[in-house]
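**Q** what would the 3D arrangement of this be:
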Amino acid sequence: MSEQYLNKRRLVLFVDDDPELRKLGRVSLERAGYGYIGASNGSEGLRLARELYPNLILLDYMMPGISGKEVFVTLATSDDERLRQTPVVMLTAKHDNHDEQRELLGLGMAAYLCKPFGHHELLNVIDNVLITAQIKERNRTLEVEARQSFVGTVRAMITLLAVKDGYTGEHSNMTADLAETLARRLNLSEEEIMHVKLGGLLHDIGKIGIPECILCKPACLTPEEMAIMRQHVHYGEQALAGVPHMETVRAIVKHHHEWWNGGGYPDGLKETEIPLATRIVTVADAYDSMTSDRPYRRRLSQATTIERLRAAAGIQFDPVVVEILVECLEDYDTEQTRSLNLKFLDHLHHAA
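**A** Residues are numbered from 1 along each chain as shown. Next up is the predicted model:
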């Protein structure tokens, strides 16, 4: 199977201070059709890895100077993605360092091979690791393609929403920007911040399915119209169904009208049943809505908006998030141009 699956001239870098073991390794690898390059110490191994980009590295754990562990950590934390993705098999005579083995496997070590080992055992490990590496690389490629497709879909959906209702498009952009500011003040991770910002951008995407006569009505909605408007959270969630890794964003889209006291919709969630990312977007959404001009009312002043948000804290909004918003407004540019700006999606596209 492996002979059909693998490119037999794949290059293996063998890093070991034992010349006899390197010699035996060379014979085994070249007989099996692999390219071989040897290094007698960790420094030489790092140099050759950076120069040649081998398909796999066999790395002795105990070496004078730079140890095999240090070499691996250097590769695993390199700025060079190709080095980070190079599979490494650690060769070791130690059989009792289970905690350290788990640590290195957690950092991405492909496998351990305990000395002494035989010809067939060495080749089986190499073949299996390379097959696994090819599968992982294919999965990474598919992930990139899926992410790029998602970014294109987001652009198209937001642009369509902006064409249908210019206010909602601008409002979504402003909500995303303010939600990102709140998320950073709350010390969320970069991945969580990106999800919050995407959720802010897409929180009203379901309004694409709302009739324009309701969406753009220059007066308060009737109870019947409000019931139709409330369906936008379901339309939005359905629009994102099946998109991988968007669970947080879907939750924001579906639940951004939940209330802290359980009086919101669609599921009547309350307090910490509502995810933090959603509670952030809810407050950012409310602030931008109140400070924006609408056909049926003029925008509120920042002071009046803060007063109303604080009055609703503990009822409609998470009190902690409301106070974080008030803190952020001291440095936040509230006079920035209200326009649709999707440049941050370029970062998401390239990060894939």
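
**Q** output stretch 55-65 as CSV, nothing but the C-alphas.
**A** Output of stretch 55-65 as CSV, limited to C-alpha atoms (Å, rounded to 0.1, in the frame of the first residue of the first chain):
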residue,chain,number,x,y,z
ASN,A,55,9.7,15.3,4.0
LEU,A,56,10.4,13.7,7.4
ILE,A,57,13.0,14.0,10.1
LEU,A,58,14.3,11.2,12.3
LEU,A,59,15.7,12.8,15.4
ASP,A,60,17.8,11.3,18.2
TYR,A,61,16.6,12.4,21.6
MET,A,62,20.0,12.4,23.4
MET,A,63,22.8,14.3,21.6
PRO,A,64,25.7,16.4,22.7
GLY,A,65,25.1,20.2,22.3
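
**Q** buried residues in it?
**A** By neighbour count with 16 or more other Cβ atoms under 10 Å, stretch 55-65 contains the buried residues 55-61, 63. Just so you know, the C-beta spots here come from the backbone N, C-alpha and C atoms, and that holds for glycine as well.

**Q** could I get those as a markdown table with pLDDT?
**A** Shown next, in a markdown table, are those (pLDDT from 0 to 100):
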| residue | pLDDT |
| --- | --- |
| Asn55 | 95 |
| Leu56 | 96 |
| Ile57 | 96 |
| Leu58 | 95 |
| Leu59 | 94 |
| Asp60 | 93 |
| Tyr61 | 91 |
| Met63 | 91 |
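
**Q** which members of the residues you listed occur in strands, if any?
**A** Within these, residues falling in strands by DSSP state E are 56-60.

**Q** of all these, which comes closest to Leu178?
**A** Proximity of these to Leu178 (Cβ to Cβ) peaks at Ile57, which lies at 46.9 Å.

**Q** Met90 belongs to a strand?
**A** Yes. If the criterion is DSSP: H, G, I helix; E, B strand; the rest coil, then Met90 is within a strand.

**Q** list the contacts for the closest residue to it other than its chain neighbours?
**A** Closest residue to Met90 in three dimensions, ignoring its sequence neighbours and counting by Cβ to Cβ, 6 or more residues apart in numbering: Tyr112, at 5.1 Å. Remark: with contacts taken as Cβ atoms under 8 Å, 6 or more residues apart in numbering, Tyr112 is in contact with 89-90, 92, 101, 105.

**Q** would you list the phi and psi of Tyr112?
**A** Dihedral angles phi and psi of Tyr112 (degrees, to the nearest 10) take the values phi -110, psi 140.

**Q** measure it to Tyr287 for me?
**A** The span separating Tyr112 from Tyr287 equals 54 Å under the rule Cβ to Cβ, to the nearest Å.

**Q** quick revisit: make a markdown table from the ones in strands among the buried residues of stretch 55-65 and add distance to Lys217 to it.
**A** Converted to a markdown table, these look like this (distance: Cβ to Cβ, whole Å):
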| residue | distance to Lys217 |
| --- | --- |
| Leu56 | 64 |
| Ile57 | 65 |
| Leu58 | 70 |
| Leu59 | 68 |
| Asp60 | 73 |
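
**Q** wait, which of the residues you listed is closest to Gly242?
**A** Leu56 (35.8 Å).

**Q** so what's the closest one bridging to?
**A** Each beta-bridge partner of Leu56 is listed here, defined by DSSP bridges: Val12.

**Q** tell me how far it lies from Leu276.
**A** Using Cβ to Cβ, one obtains 42 Å as the distance from Leu56 to Leu276.

**Q** then Ala183?
**A** 9 Å.

**Q** what does Ala39 give?
**A** Taking Cβ to Cβ as the criterion, Ala39 is separated from Leu276 by 49 Å.

**Q** please identify the nearest residue in space to Glu30, excluding sequence neighbours.
**A** Looking at Glu30 with Cβ to Cβ, 6+ apart, the closest residue is Tyr36, at 5.5 Å.

**Q** go on, Ala133?
**A** Pro87 (4.6 Å).

**Q** can you check Gly65 too?
**A** Excluding its sequence neighbours, the residue lying closest to Gly65 (Cβ to Cβ, 6+ apart) is Asn41, at 5.4 Å.

**Q** would you confirm that that neighbour contacts Asp18?
**A** No. Here Asn41 does not reach Asp18: they are 11.1 Å apart, not a contact under Cβ atoms under 8 Å.
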